[in-house]
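**Q** dropping a prediction and its sequence here:
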Amino acid sequence: MILRGKAHKFGDHINTDYIISSKYKYKTSSIEEMAKYMFEDIDPKFASKAQPGDLIVAGSNFGCGSSRETAPRVLKAAGIACVVANSFSRIFFRNAINIGLPLIICRTDSISPNEILEVDLEAGTVKRDNNEILKGQSLPKVMVRIIQDGGLKNHILKHGGYVLD
């Protein structure tokens, strides 16, 4: 699965409340409405700058904090194609796969904001504008398939159960 998009770069320890402030979790149940406010506490204009197909690039421990699925769901609803980070909180990683949000663990230090990246989930690579290829961790085939199917629920409904290959 190959994804291509513009990088929006963030630092380390981006917690779920930075992705979507908890004040919006109680004002609306619409994920699409919440997506209008993603990363508001870091960059109030971010949601208006992000375009469907764009990528989030971050440092270590992306998605730390709350275990709610709201944060990855907001990113997916906004059309974020993939999150590339040095590392993810375990629960964010699991929630992202479960809802079908692609992500990859890769060293991001050399990636510049607004750079166009090409991510290959199965190969575990990120190709930069300058054609440098960053080697990250490939996702197991079953996770790529779950993402392609739109998340774990859709995967199980589509295949009548959990399919490993």
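**A** Structure received. Here the structure is a predicted model, which is why all the values come from computation and not from measurement.
**Q** centroid residue for this protein?
**A** Val83 (3.2 Å; C-alpha atoms, centre = their mean).
**Q** beta partners of that one?
**A** Ile56, Leu103 (DSSP bridges).
**Q** give me the distance between it and Glu115.
**A** 15 Å (C-beta to C-beta, to the nearest Å). All C-beta atoms are positioned from the backbone trio N, CA, C, and that covers glycine.
**Q** gap between the longest helix anywhere in the chain and the chain center?
**A** Counting residues, the longest helix found in the chain (DSSP state H) is helix 90-99. Its chain's C-alpha centre and that of helix 90-99 lie 9 Å apart, by C-alpha atoms, centre = their mean, to the nearest Å.
**Q** and the contacts of that helix?
**A** If you take C-beta atoms under 8 Å, 6 or more residues apart in numbering as the criterion, helix 90-99 is touched by 16, 62-64, 67-69, 71-73, 76, 83, 88, 102-103, 143, 146-147, 151-153.
**Q** give me the helices and strands touching the helix or strand bottoming out on mean pLDDT in the chain, please.
**A** Least confident helix or strand, the chain: helix 22-25 with a mean of 79, by mean pLDDT, DSSP states H and E. If you count contacts as 3 or more C-beta pairs under 8 Å, 6 or more residues apart in numbering; DSSP states H and E, helix 22-25 packs onto helix 31-35.
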